[in-house]
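In: quick one, what's the 3D model for this:
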Amino acid sequence: VFFCSSAYVPKTAAGHCKWAEVLKDLEQIKMSKDIDVSLYTANTDEDVKCQEPVIRCFFLEMKVILQECRIKNCSKTQDVWNVCKNGNAFASLENNKLNSTTSAKCKECEEYDEKNFTEFIQSFVKVIQKECK
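Out: Numbering: from 1, shown residues only. Modelled structure (predicted):
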C-alpha cells in the first residue's frame, strides 16, 4: 500500500509547474511604477545548456530590485521578496554550483546588456514560462 501511494505523489507534483508562484508574483511586480533600475538581462533565446545560469542571473538581479525596494519602500516589496524566496527554494541557487564545462560556455550575468525594469521583467517571465512547458 505504501509503495502505491508514494508513487502517486510525484505525479501530481510534476503536473504543476514549480515556477507558478514565481510567475504570479512577477505579474504583480510588472505593474509597479516605483521601481526604476537598470538590470543585467539575460537573453531569452540562450542555449538550453545555459538555462540554469540564465535563471540564476535573473534571480540575482531580483535581489538588486529587492534592495532598491527596501530603500525606496516600494509598493511591491513583498512580491519581490516572494520571487527571491521561491527562486532560492526551487532552484537551490545559493548552493547549486555549475560544473566548469557548462559555466565556461555560458555568459556571466554581468556580460548581458543592462535593460530597464520593464524589459527585465518581460524577459524573466519568458524564461520562466519556458521552464513550465
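In: for this protein, which helix is longest?
Out: As assigned by DSSP state H, the longest helix anywhere in the chain is helix 51-72.
In: which strands and helices lie in contact with it?
Out: Using 3 or more C-beta pairs under 8 Å, 6 or more residues apart in numbering; DSSP states H and E, the elements in contact with helix 51-72 are strand 38-40, helix 77-91, helix 100-105, helix 117-131. The C-beta positions use only the backbone N, C-alpha and C, and glycine is treated the same way.
In: closest one to residue 61 among the ones you listed?
Out: Closest of the helices and strands packed on helix 51-72 to residue 61 is strand 38-40, at 4.4 Å (criterion: C-beta to C-beta).
In: okay, buried residues for that closest one please.
Out: Within strand 38-40, the residues that count as buried by 16 or more other C-beta atoms under 10 Å are 39-40.
In: circling back: weakest of the helices and strands packed on helix 51-72 by average pLDDT?
Out: With a mean of 58, helix 100-105 has the lowest mean pLDDT of these.
In: which residue is nearest the centroid of the protein?
Out: residue 59 (4.6 Å; C-alpha atoms, centre = their mean).
In: compute the number of surrounding residues for the residue nearest to residue 113 when sequence neighbours are not counted.
Out: Excluding the flanking residues, the one nearest residue 113 by C-beta to C-beta, 6 or more residues apart in numbering is residue 41, at 6.4 Å. Applying other C-beta atoms under 10 Å, we find 24 other residues in the vicinity of residue 41.
In: appreciated, that's everything.
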